[in-house]
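# Sharing a model that was predicted from the sequence below.
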Amino acid sequence: MPNKIFLVVKREYFARVKKRSFIVATILTPLIFPSILGIFLWIGMSDTVGDSARFIEVVDENREFFLESNDLFVFSYGSLSVAEAKEMVQNGSRYGFLHIPKIDLSSPQGITFYAGETPGMSVISGLESSLRSKIEELKLLNSGVDRELLSKLKTSVSIRSIRLGQTGNEAVSNSVVNYAIGFLSGILIYTFIFVYGNQIMQGVIEEKSSRIVEILVSSLKPFQLMMGKIIGIGAVGLTQFLIWIALISVVSTIVMGYFGMKMPQQELLEQTGSVDMAWMESSSELPEMIQMIQGIDFVPLVFSFLIYFVGGYLLYGAFFAAIGAAVDSPSDAQQFMFPVTIPLLIGYMGLFIFVLDDPNSRVSYWLSVIPFTSPVAMMGRVSFGVPISELILSISLLVLGFLFTTWSAGKIYKIGILVHGTKVNYRTLWRWIKEN
């Protein structure tokens with residue numbers, strides 16, 4: 001039996017890998033993301049240059065507001081009227097002009113900004129920030145408070161997060177880094193399941209329509225054919241995924257290097273190499289980023305990702321194969337796709353709404369335990385640290401869920417793969433599952 005499944009896996013794998021569409025998609029897709037990154041970097045740098053040349057004329061009727069120029073704005077002051085300032089904007093000698101009428105500092109009203117184009121949010125918020133700081137400064141001066149004394153009283157607070165293990169070990173943690181890891185891994189699993197699950201369904205429908213499956217079933221059991229197809233297409237997706245990671249990393253490094261930037265891992269290596277080895281021995285003196293990386297337990301993280309990556313794909317892949325076997329065309333499959341994809345969407349939405357916001361909440365716990373949502377939801381929790389008992393429970397239920405879906409899908413696949421021209425509904429599927 002394993003040999004026959006392996007033959008189907010081999011057939012599915014090489015038949016798809018040798019396709020021109022696979023080669024083109026595998027090579028071109030990694031070029032898309034670095035290209036988008038390069039375009040955004042180029043636009044961002046161009047906008048920065050444009051922003052530095054924004055000259056703004058200030059008409060201050062209070063004669064108290066002297067705004068300091070910065071990277072975004074260059075403020076110009078003169079004894080101009082409102083009409084003259086407007087004319088400067090209209091003829092293009094000024095990007096805009098700021099009119100500050102006589103105002104009450106306790107309730108400043110009537111401040112207006114004129115420009116030849118609708119300004120972006122960053123422009124308005126930047127001007128508001130400058131004016132807010134100036135008004136606060138004038139209030140302090142009017143109340144008799146020493147400005148230097150107040151600046152000394154202002155203190156920035158930064159909390160250092162330490163995760164304390166059950167054995168007493170301490171590790172530096174960072175919620176932003178954990179959020180990013182959970183976000184990326186959860187999205188990858190969701191995308192992989194959805195994209196390659198659909199490929200399983202499409203492949204089964206094509207073989208069923210061409211009657212090739214009738215020849216295959218004569219020498220193979222339907223269950224062997226179903227499992228071979230699921231594993232084969234999954235291997236194709238995994239191969240493509242690994243190639244994408246390698247190519248995207250290389251091309252992104254080249255693009256960022258062109259703009260004089262460095263990849264995070266490259267900066268980390270350079271930072272690590274520049275630190276004296278004697279100093280490295282003292283963990284309390286390590287750079288914060290290095291301590292943060294050391295605080296991530298990569299072994300359970302990688303192990304969990306592989307388990308949920310494969311387990312989630314197998315769990316849903318069996319259902320996608322069963323749907324493909326039960327229908328004659330992709331349009332007929334829509335009614336059966338809805339109940340299958342709903343749990344996957346719940347896990348996807350729950351990842352953002354509950355899990356990444358509070359990985360230890362009750363809702364996050366149940367989303368990471370229930371097999372139909374755990375492949376996506378649990379990866380959002382693993383990066384923050386999950387008790388080993390909960391991880392074992394979740395994986396055990398995922399395995400049981402995979403066995404259940406495989407058993408149910410095998411029943412449907414066994415009968416549906418040979419049925420043509422019959423309108424299948426949920427009652428029909430239930431009858432097939434109950435049959436021996």
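Yep, that arrived.

# Next up, phi/psi of Ala85, please.
phi -70, psi -40 (degrees, to the nearest 10).

# Tell me what the residue nearest to it when sequence neighbours are not counted is bridged to.
Closest residue in space to Ala85, ignoring its immediate chain neighbours: Phe97 at 4.0 Å, by CB to CB, 6 or more residues apart in numbering. (C-beta placed from N, C-alpha, C; glycine too.) When bridges are called by DSSP bridges, Phe97 pairs up with Glu57, Tyr114.

# Look up how far Glu84 lies from Phe97.
Using CB to CB, to the nearest Å, Phe97 is found at 9 Å from Glu84.

# The two: which is more packed in?
The neighbour comparison of Phe97 against Glu84 (other CB atoms under 10 Å) goes to Phe97, with 23 against 13.

# Longest helix of this protein, counting residues only.
For the chain, the helix with the greatest residue count under DSSP state H is helix 222-258.

# what does the average pLDDT come to for that helix?
Mean per-residue pLDDT for helix 222-258: 78.

# Repeat that for stretch 319-335.
For stretch 319-335, mean pLDDT rounds to 84.

# Checking the most far-flung residue of the chain relative to its centre next. Helix, strand or coil?
Within the chain, the residue lying farthest from the chain centre (CA atoms, centre = their mean) is Ser79, at 52.4 Å. Following DSSP: H, G, I helix; E, B strand; the rest coil, we place Ser79 in the coil state.

# Show me which residues of stretch 190-202 are buried.
By neighbour count, with 16 or more other CB atoms under 10 Å as the criterion, the buried positions of stretch 190-202 are Tyr190, Phe192, Ile193, Tyr196, Gly197, Asn198, Gln199, Ile200, Met201.

# whoops, I mixed them up, stretch 407-414
Residues of stretch 407-414 classed as buried by neighbour count (16+ other CB under 10 Å): Ser408, Ala409, Gly410, Lys411, Ile412, Tyr413, Lys414.

# Quick check: the last one touching Pro222?
Think Lys414. Yes - between Lys414 and Pro222 there is a contact under CB atoms under 8 Å: 4.2 Å.

# Distance-wise, check Phe336 relative to Ile412.
As defined by CB to CB, Phe336 lies at a distance of 10 Å from Ile412.

# what touches both of those two?
Here Phe336 and Ile412 share the contacting residues Ala326, Leu429, scored by CB atoms under 8 Å, 6 or more residues apart in numbering.

# tell me the angle whichever strand or helix holds Tyr313 makes with helix 222-258.
Following DSSP states H and E, the helix or strand that holds Tyr313 is helix 298-326. In terms of direction (axes from the mean of the first three to the mean of the last three CA atoms, to 10 degrees), helix 298-326 departs from helix 222-258 by 130 degrees.

# for stretch 364-374, how far is the first residue from the last?
Counting by CA to CA, to the nearest Å, you get 10 Å between the two ends of stretch 364-374.

# contacts for that stretch?
Residues lying outside stretch 364-374 but in contact with it, judged by CB under 8 Å, 6+ apart, are 308, 312, 315, 343-344, 346-347, 350-351, 354-355, 358, 377-378, 380-381, 386, 390, 393-394, 397-398, 400-402.

# related to what we said a few turns ago, show me what the helix or strand following the helix holding Tyr313 is packed against.
Counting by DSSP H and E, the next helix or strand C-terminal to helix 298-326 is helix 334-350. Other elements packing on helix 334-350 under the criterion 3 or more CB pairs under 8 Å, 6 or more residues apart in numbering; DSSP states H and E are helix 175-209, helix 298-326, helix 362-369, helix 374-382.

# Tell me which helix or strand Leu28 sits in.
Here Leu28 sits within helix 20-51, counting by DSSP H and E.

# repeat for Thr118
With secondary structure defined by DSSP H and E, Thr118 is part of neither a helix nor a strand.

# what separates it from Val145, distance-wise?
Applying CB to CB to Thr118 and Val145 gives a distance of 39 Å.

# So for those two, which sits in the more crowded spot?
Val145 (12 against 7).

# What values do phi and psi take at that one?
According to degrees, to the nearest 10, Val145 has phi -80, psi 140.

# re earlier: now for the residue nearest to Ala85: which residues touch it?
Residues in contact with Phe97, defined by CB under 8 Å, 6+ apart, are Ile56, Glu57, Val58, Val59, Ala85, Lys86, Met88, Val89, Phe113, Tyr114.

# if you set the cut-off to 7 Å instead, what comes out?
Phe97 makes contacts with Ile56, Glu57, Val59, Ala85, Lys86, Met88, Val89, Tyr114, as judged by CB atoms under 7 Å, 6 or more residues apart in numbering.

# Now do the same for it: its pLDDT.
You'll see Phe97 listed with a pLDDT of 83.

# Same check on the one 4 residues further on?
If you check Pro101, the pLDDT there is 87.

# Could you do Ile124 as well?
pLDDT, Ile124: 82.
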